[in-house]
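Asks: no sequence for this one, just the structure:
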């Protein structure tokens, strides 16, 4: 009887350890990558109005007011938004600024008409594991991440976006 009791204790601890490893591995794999479904954006407590993303091609752009390439990308992204918004394309630009004041100042000066939100609590940016500013995720109509872009290379980036948007809208 003592042997069975000891075996059960060992088995119980092995199961608990395995469950712990499964939880840790699911947290490690939180990074959003190509082929992943976009998580429910409304669950991240972003500040600002989140547009309806269902059934739309989405450019989810992570930016900061202190990021020069981010600032440079906004006029070109506005052009893309104006070009494709009536065809089912939306841009959601997520600021990772720590200061709501810096976010608001930049947002007010930007002149863009696509939605801007603030991830003040860094929940979405942490889940996505964004390491480079700007980083953009191109998402298809089914909510699947199709491409990830790091940095902004001017016309080259915009032409890549345009090609991807056209392709995804055609699907």
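Replies: Received the coordinates, thanks. All values derive from a computational prediction rather than experimental measurement.
Asks: so, low pLDDT: which residues of this structure?
Replies: Judged by pLDDT under 70, the chain has its weakly predicted residues at 1-30.
Asks: how's it carved up into domains?
Replies: Using automatic domain parsing, the domain ranges for the chain come out as 1-30, 32-170.
Asks: tell me how far the ends of the longest one are from each other?
Replies: Distance between the two ends of domain 32-170: 24 Å, counting by CA to CA, to the nearest Å.
Asks: re earlier: got JSON lines for the domains of the chain, with mean neighbour count too?
Replies: Every C-beta, even on glycine, is put in place using the N, C-alpha and C of the backbone. As requested, these are exported to JSON lines (neighbours: other CB atoms under 10 Å):
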{"stretch": "domain 1-30", "mean neighbour count": "9"}
{"stretch": "domain 32-170", "mean neighbour count": "17"}
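Asks: and the closest residue to residue 150 other than its chain neighbours, helix, strand or coil?
Replies: Closest residue to residue 150 apart from its sequence neighbours, by CB to CB, 6 or more residues apart in numbering: residue 132 at 4.1 Å. At residue 132, secondary structure determined by DSSP: H, G, I helix; E, B strand; the rest coil is coil.
Asks: all helices for the chain, in order.
Replies: 2-28, 68-84, 100-110, 123-128, 155-170 (DSSP state H).
Asks: quick check: the residue nearest to residue 150 vs residue 63, distance?
Replies: Taking CB to CB, to the nearest Å as the measure, residue 132 falls 11 Å from residue 63.
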